[in-house]
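A.B. asks: Would you be able to build a 3D model of this:
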Amino acid sequence: MFVAPAYAQTPATDAETLTETGVADHGAGEPAFPPFETETYPSQLLWLAITFGLFYLFLKKVALPRIGSILEVRRDRIAQDLDQAARMKEEADEAVAAYEQELADARKKAGAIAQEARDNAKAEADAERRKVEQALEAKLEKAEARIAEIKSTALKDVGTIAEETAGTIVQELIGGTVDKKSLAAAVKAVGR
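C.D. replies: Next up, the predicted model:
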């Protein structure tokens, strides 16, 4: 509730009546809010036009150029960032391509090294196998020579043993002796 100060209160005149708060009521004929008074419209419109014009000039000369320059700087910065991103993407793509090429080369080299190692191992195994085969062949030839020697020795002894056995059998059966030449001729004749 508003109470007017004591010095502001004046005694009411005939046309005025005091309200509860002590403020004089001017009556229904006088308007209470000046912007709604029709007598002040032309001056209000003049000041509105002047204020709008000044505000428009301020925006046109000061605010909008600053905003425009800020937008242009941002646009340029975004364009530079996009260019840099495109360059970096190209470099990354080139790096990936180089990496894949090096990886393919490394795989080829690894395959070539593995093939060379297999070929070397096979050649070494073949050489070792030939050495073993030659050693076995030499041992086999020696063994065959030894067997042939033993066989020939055994065959020589077989003839002598056969002659002795035939002589002993004849002596036991007939009771007489046979000369060695005839026994040897008889054993040879049977051996053929």
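A.B. asks: For the chain, which segments are assigned as helices?
C.D. replies: Taking DSSP state H as the test, the helices found in the chain are 41-58, 64-173, 180-191.
A.B. asks: Deepest-packed of those, please.
C.D. replies: Most buried of these, by mean neighbour count (mean count of other Cβ atoms under 10 Å): helix 180-191, with a mean of 12. To be clear about C-beta, it is placed using only N, CA and C from the backbone, and glycine gets the same treatment.
A.B. asks: What is it packed up against?
C.D. replies: In terms of contacts (3 or more Cβ pairs under 8 Å, 6 or more residues apart in numbering; DSSP states H and E), helix 180-191 is packed against helix 64-173.
A.B. asks: can you tell me the average pLDDT over the helix it packs on?
C.D. replies: Helix 64-173 carries an average pLDDT of 90.
A.B. asks: any idea how far it is from the chain center?
C.D. replies: In terms of Cα atoms, centre = their mean, to the nearest Å, the centre of helix 64-173 is found 29 Å from the chain centre.
A.B. asks: and what of stretch 60-77?
C.D. replies: Distance of stretch 60-77 from the chain centroid (Cα atoms, centre = their mean) equals 46 Å.
A.B. asks: picking up where we left off before, reformat the helices of the chain as CSV; add distance to Pro35.
C.D. replies: Below are these laid out as CSV (distance: least, Cβ to Cβ, whole Å):
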stretch, distance to Pro35
helix 41-58, 7
helix 64-173, 30
helix 180-191, 161
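A.B. asks: closest one to Phe33 among the ones you listed?
C.D. replies: Nearest to Phe33, of all the helices of the chain, is helix 41-58, at 12.4 Å by Cβ to Cβ.
A.B. asks: between that closest one and helix 64-173, how many degrees?
C.D. replies: 40 degrees (axes from the mean of the first three to the mean of the last three Cα atoms, to 10 degrees).
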